[in-house]
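K.L.:
Just the structure for this:
(4 chains)
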Protein chains: 2
Amino acid sequence: MSITGFEDMLERHDLKKTRPRLSVLNILSKRQAATSQPDLEEVLGNEVDRVTLYRVLKTFEEKGIIHKILDVNGTANYAMCGPACSEHSHYDEHVHFNCTVCFRVYCLDHLAIPKLSMPHGFEAGTVNLIVYGICGDCSKKAAAYKAAEDKVSS
Amino acid sequence: MSITGFEDMLERHDLKKTRPRLSVLNILSKRQAATSQPDLEEVLGNEVDRVTLYRVLKTFEEKGIIHKILDVNGTANYAMCGPACSEHSHYDEHVHFNCTVCFRVYCLDHLAIPKLSMPHGFEAGTVNLIVYGICGDCSKKAAAYKAAEDKVSS
DNA sequence: TTTTAAAAGCATCTTAGTTGCATTTATTTT
DNA sequence: AAAATAAATGCAACTAAGATGCTTTTAAAA
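P.N.:
This is a model prediction of the structure:
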């Protein structure tokens, strides 16, 4: 998305067009995997204050611009929302994949979360389905490494 | 389970029968909902050192005695494992329910996690399905409160 | 009873996330 | 275009979960 696109987006949500906000949108929109808060902090360096970053992420989440996924360590990761998200409801009911090697979090948008029937009295809200495992990149690397090792030992 | 039961359990896993370990087993076995680390810490008071508690929980998890569930805040919660769990594999592929009012985590043992087909190259390991919502207790309380309010205002 | 490896305890550190308050700035009003 | 203002940023300090290194204690074995 272009800069003007982001500015329009902020305007639509009644948010001021500020540098920290535009920076965050820029970074997140370029990534296909979700990005952790500490990761964002590092990328932004001292361009944006740590607390400001937390607040930007919080308001973006509330406005339905990004969504939060907790990874295997309990750390918050963020990804851009699909167009169906709004201030009032998040339609991010897709499966997430958390690689246990590189810790990246992928949104598997095409995998819908199956419907579940709750026990009597339990009211279901958001459903979170996260698969831990090894991502394509890391399993490829592991395979290449193994092949190289086999060659050496032969 | 009886004290002797816990002692046998520790022995089976080649773990020494120590007070901190027996205390933790005692507490967790009495709960039907999962218990957070901070909660355990509070219950144990200065009976057990904080660090020791972390280590006890870690080894129990590794040995397949308990399993860890991250709640909506990213905090670790622990519950006793079913009999099918071992050092080598956890069979805790049931749904968890995290109440957003009282923050309790329930194991919905009877709700199996549906099978999912991963994208090419992705190797799935553990699957984590957690439903956020309002538990039976809290929705009952909310209903009772509402009823009382209606009575007053009428 | 002695030995010893494992576990507990203690101090200290790291890191994610929060709170309160002063300062700055994007936008609105004049 | 300048002044006003509400919103957002920046800063300092705090909280809480969890980790690490090292010493002391203790369960179990010799």
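
K.L.:
tell me what the longest strand seen in chain A is packed against?
P.N.:
As assigned by DSSP state E, the longest strand anywhere in chain A is strand A:123-134. Helices and strands touching strand A:123-134, by 3 or more Cβ pairs under 8 Å, 6 or more residues apart in numbering or on different chains; DSSP states H and E, are strand A:66-70, strand A:94-99, strand B:123-134. C-beta: built from backbone N, CA, C; applies to glycine.

K.L.:
please redo it, this time with the cut-off set to 7 Å
P.N.:
strand A:94-99, strand B:123-134 (3 or more Cβ pairs under 7 Å, 6 or more residues apart in numbering or on different chains; DSSP states H and E).

K.L.:
Just checking: what are the partner strands of the last one?
P.N.:
The reference is to strand B:123-134. strand A:123-134 (antiparallel), strand B:94-99 (parallel) (DSSP bridges).

K.L.:
now check the lengthiest helix in chain A, is it near chain B?
P.N.:
When chain A is parsed with DSSP state H, its longest helix is helix A:136-153. Yes. Using Cβ under 7 Å from any Cβ of the partner chain, helix A:136-153 reaches chain B at A:136, A:139-140.

K.L.:
Now do that helix against strand A:123-134, angle only.
P.N.:
20 degrees (axes from the mean of the first three to the mean of the last three Cα atoms, to 10 degrees).

K.L.:
Residue numbers of chain A in contact with chain B?
P.N.:
A:70, A:74-75, A:95, A:97, A:100, A:108, A:111, A:114, A:116, A:119, A:121-136, A:139-140.

K.L.:
repeat that for 8 Å
P.N.:
With the criterion set to Cβ under 8 Å from any Cβ of the partner chain, chain A comes near chain B through A:70, A:72-76, A:95, A:97, A:100, A:106, A:108, A:111, A:114, A:116-136, A:139-140.

K.L.:
For the longest helix of chain A, list every residue counted as buried.
P.N.:
For helix A:136-153, the neighbour count (16 or more other Cβ atoms under 10 Å in any protein chain shown) marks A:136, A:138-139 as buried.

K.L.:
now swap in stretch A:48-66 and tell me
P.N.:
Buried, per 16+ other Cβ under 10 Å, within stretch A:48-66: A:48, A:53, A:56-57, A:60-61, A:63-66.

K.L.:
swap in stretch A:72-79?
P.N.:
A:72, A:75-79.

K.L.:
if we take the buried residues of helix A:136-153, which one ends up nearest to A:E7?
P.N.:
Nearest to A:E7 among the buried residues of helix A:136-153: A:G136, at 34.7 Å, using Cβ to Cβ.

K.L.:
Flag every buried residue along stretch A:35-44.
P.N.:
Buried, per 16+ other Cβ under 10 Å, within stretch A:35-44: A:35-37, A:39-40, A:44.

K.L.:
what does it rub up against?
P.N.:
The contact list for stretch A:35-44, computed with Cβ atoms under 8 Å, 6 or more residues apart in numbering or on different chains, reads A:23-24, A:27-28, A:50, A:53-54, A:57, A:71, A:75-79, A:103, A:105.

K.L.:
Restricted to helices, list the residues you listed.
P.N.:
Per DSSP H, the contacts of stretch A:35-44 map to helices at A:23-24, A:27-28, A:50, A:53-54, A:57.

K.L.:
returning to what we had before: restrict the longest strand of chain A to CA atoms and write it as PDB.
P.N.:
Provided in PDB are the C-alpha atoms of strand A:123-134 (Å, rounded to 0.1, in the frame of the first residue of the first chain):
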ATOM      1  CA  GLU A 123     -20.200 -18.600  25.900                       C
ATOM      2  CA  ALA A 124     -17.500 -18.800  23.200                       C
ATOM      3  CA  GLY A 125     -16.000 -15.600  21.900                       C
ATOM      4  CA  THR A 126     -12.800 -15.500  19.900                       C
ATOM      5  CA  VAL A 127     -11.200 -18.800  18.900                       C
ATOM      6  CA  ASN A 128      -7.500 -19.100  18.600                       C
ATOM      7  CA  LEU A 129      -5.900 -22.000  16.800                       C
ATOM      8  CA  ILE A 130      -2.200 -22.100  16.600                       C
ATOM      9  CA  VAL A 131      -0.100 -24.900  15.200                       C
ATOM     10  CA  TYR A 132       3.500 -25.200  16.400                       C
ATOM     11  CA  GLY A 133       5.800 -26.900  14.100                       C
ATOM     12  CA  ILE A 134       8.600 -26.300  11.500                       C
END
